[in-house]
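Engineer: heads up, no residue letters with this:
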């Protein structure tokens with residue numbers, strides 16, 4: 001069967017009160033961008049809904065794209081008809097005949113949004129239901145737990161019929177809740193954290209630390225691929241910052257504080273990310289930390305590491321098990337890229353016995369004793385390269401000092 005429309009339902013936008021109009025405009029802009037590859041497809045809105053008119057385009061690829069858009073809680077393939085009894089009955093028959101598996105029980109639920117329609121909702125339930133029962137005598141009505149619920153939405157301009165509700169991404173539209181920096185390591189966790197941040201309406205810029213020649217070009221390509229995947233979900237180009245970390249990392253490795261090197265390294269990463277955030281107007285830092293997963297993710301470690309920045313630390317995976325994170329990575333399509341065997345700088349110089357309970361004052365004293373640490377951090381910020389990434393293209397710039405790219 002060829003559906004002629006898709007109805008999209010908003011998620012948490014219904015709770016936004018006075019700001020609802022702003023969120024709806026962002027949602028419409030997302031839908032418009034997502035529909036760009038599909039020529040002739042149009043859309044319009046009603047209260048709490050968006051309707052996409054297919055105009056002959058296939059339903060499946062468009063639905064697959066729309067269900068990944070943040071801010072949409074569900075969608076349904078729709079048949080439309082004139083808002084007239086016999087036309088509605090005919091459309092209902094078409095829909096029931098199209099079902100792949102004939103049901104044994106059904107229910108009709110009519111919503112009469114157009115009060116000028118001559119029959120009330122309960123009356124229409126019987127008028128449409130009885131018409132279907134005459135055509136399908138093996139069917140029976142079950143108002144509590146039907147196998148198929150035929151929903152009929154009567155509007156003045158048309159009536160929309162559907163019986164399938166497909167879950168979508170939910171959350172908030174892209175960039176509706178501000179901007180944050182994502183620490184993107186190339187592992188399993190951080191892309192999932194990025195996806196969850198996008199789902200809550202954040203615009204994210206990714207920050208990746210590399211230590212050439214210790215890390216390879218393939219490690220960079222891996223991170224680029226993950227950033228491109230995240231940009232697919234945002235529907236907008238994603239800015240990836242590539243931070244040179246070799247000098248800082250080797251200096252820390254030579255400090256004689258083997259058990260604290262991970263703590264020191266992550267604190268410096270946060271200071272650099274905070275500097276990049278100031279330039280980009282970001283107000284938070286997103287990480288893929290999960291409580292207790294590794295030595296640097298114990299509560300004492302996270303406390304000491306987090307003190308390196310004044311920006312809010314957003315940790316969407318903090319209470320998730322590794323198995324749950326892996327399942328999410330598989331679901332969003334980042335897992336196979338994340339497990340490619342190319343190491344990033346976070347896996348270099350790993351101590352045999354990293355501290356799980358560092359002391360803040362000791363760590364700060366060690367940092368104060370490292371010559372030129374502040375200037376190395378400034379040099380890393382100035383030497384950061386970056387790219388704007390989309391799923392099918394890549395734009396790059398060699399240095400982060402060119403204002404026209406902000």
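Structural biologist: Structure's in. What do you need? Everything numeric here is computed off the predicted structure, so don't read it as measured data. Numbering: from 1, shown residues only.
Engineer: what about the strands in the stretch 51-200 of the chain?
Structural biologist: 72-81, 105-112, 140-141, 148-154, 159-162, 166-167, 179-183 (DSSP state E, counting those that start in this stretch).
Engineer: now swap in the stretch 201-350 of the chain and tell me
Structural biologist: With DSSP E, counting those that start in this stretch as the criterion, the stretch 201-350 of the chain has strands at 203-210, 238-244, 285-286, 313-314.
Engineer: to residue 68, which of those strands lies closest?
Structural biologist: Smallest distance to residue 68 across the strands of the stretch 201-350 of the chain (C-beta to C-beta): 14.9 Å, for strand 238-244. (C-beta placed from N, C-alpha, C; glycine too.)
Engineer: low-confidence ranges, the stretch 251-400 of the chain, go.
Structural biologist: The stretch 251-400 of the chain contains residues with pLDDT under 70 at 343-349, 392-400.
Engineer: can you do 80?
Structural biologist: Flagging of the stretch 251-400 of the chain using pLDDT under 80 yields the residue ranges 342-352, 392-400.
Engineer: which parts of it are helices?
Structural biologist: Here the stretch 251-400 of the chain has its helices, by DSSP state H, counting those that start in this stretch, at 261-280, 299-306, 322-332, 335-338, 360-368, 373-382.
Engineer: now distance to residue 141 and mean neighbour count too, for those, in TSV please.
Structural biologist: Shown next, in TSV, are those (distance: least, C-beta to C-beta, whole Å; neighbours: other C-beta atoms under 10 Å):
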stretch	distance to residue 141	mean neighbour count
helix 261-280	58	22
helix 299-306	57	18
helix 322-332	37	15
helix 335-338	45	17
helix 360-368	68	14
helix 373-382	68	16
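Engineer: including mean pLDDT and distance to residue 341, could the strands of the stretch 51-200 of the chain go into TSV?
Structural biologist: Formatted as TSV, these follow (pLDDT from 0 to 100; distance: least, C-beta to C-beta, whole Å):
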stretch	mean pLDDT	distance to residue 341
strand 72-81	96	36
strand 105-112	98	53
strand 140-141	97	58
strand 148-154	97	48
strand 159-162	96	46
strand 166-167	96	34
strand 179-183	98	21
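Engineer: got a markdown table for these, with mean neighbour count and distance to residue 131 too?
Structural biologist: Putting those into a markdown table (neighbours: other C-beta atoms under 10 Å; distance: least, C-beta to C-beta, whole Å) gives the following:
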| stretch | mean neighbour count | distance to residue 131 |
| --- | --- | --- |
| strand 72-81 | 22 | 13 |
| strand 105-112 | 20 | 9 |
| strand 140-141 | 14 | 13 |
| strand 148-154 | 21 | 11 |
| strand 159-162 | 24 | 13 |
| strand 166-167 | 12 | 26 |
| strand 179-183 | 24 | 54 |
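Engineer: dump those strands to JSON lines, plus distance to residue 119.
Structural biologist: Listed next are the strands of the stretch 51-200 of the chain as JSON lines, based on distance: least, C-beta to C-beta, whole Å:
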{"stretch": "strand 72-81", "distance to residue 119": "14"}
{"stretch": "strand 105-112", "distance to residue 119": "8"}
{"stretch": "strand 140-141", "distance to residue 119": "18"}
{"stretch": "strand 148-154", "distance to residue 119": "9"}
{"stretch": "strand 159-162", "distance to residue 119": "12"}
{"stretch": "strand 166-167", "distance to residue 119": "29"}
{"stretch": "strand 179-183", "distance to residue 119": "51"}
